[in-house]
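S.K.: Kindly generate the corresponding structure for this input.
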Amino acid sequence: MKLENFEAYQRESRKTWSLIHTDHPIVYPTLGLVNEAGELAGKVKKIFRDKGGKISDEDRSALKYELGDVLWYMAQIATELDLSLQEVAEANLEKLFSRLERGAIKGEGDYR
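M.R.: A predicted model of the protein is given here:
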């Protein structure tokens, strides 16, 4: 589809939009998780952009705090889903070792 300008894009894209009610306790921690993961990624990006990938003690400390925030939001999501972090971690290792055994660590798709 050829567009004349971004105003046309906004008008046309709006045809695919709908308001989705999000009054559910999983929404806030999911948005928080994505936000904190983005902050973590931003710090890592700057380490490679500005410091050639050398992680200082100060960087390690800052990353530790961001990882703590990620963990907090993950714990809240797991709690809302009535899952323990223990069972999430165990399920993740089972999935990864299954992929390893089948030679499917690389590649795409959740069910490879």
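S.K.: So for this protein, which residue is the most central one in space?
M.R.: V34 (4.8 Å; CA atoms, centre = their mean).
S.K.: Three-state assignment for it, please.
M.R.: Three-state call for V34 (DSSP: H, G, I helix; E, B strand; the rest coil): helix.
S.K.: For it, which residues are in contact?
M.R.: Residues near V34 by CB atoms under 8 Å, 6 or more residues apart in numbering: none. Heads up, the C-betas are built off the backbone N, CA and C, glycines and all.
S.K.: residue boundaries of the helices in the chain?
M.R.: Ranges of helices within the chain are 6-13, 27-51, 57-80, 85-101, based on DSSP state H.
S.K.: who wins for proximity to E108 among the ones you listed?
M.R.: helix 85-101 (11.8 Å; CB to CB).
S.K.: just checking, what packs against the closest one?
M.R.: Under the contact criterion of 3 or more CB pairs under 8 Å, 6 or more residues apart in numbering; DSSP states H and E, helix 85-101 touches helix 57-80.
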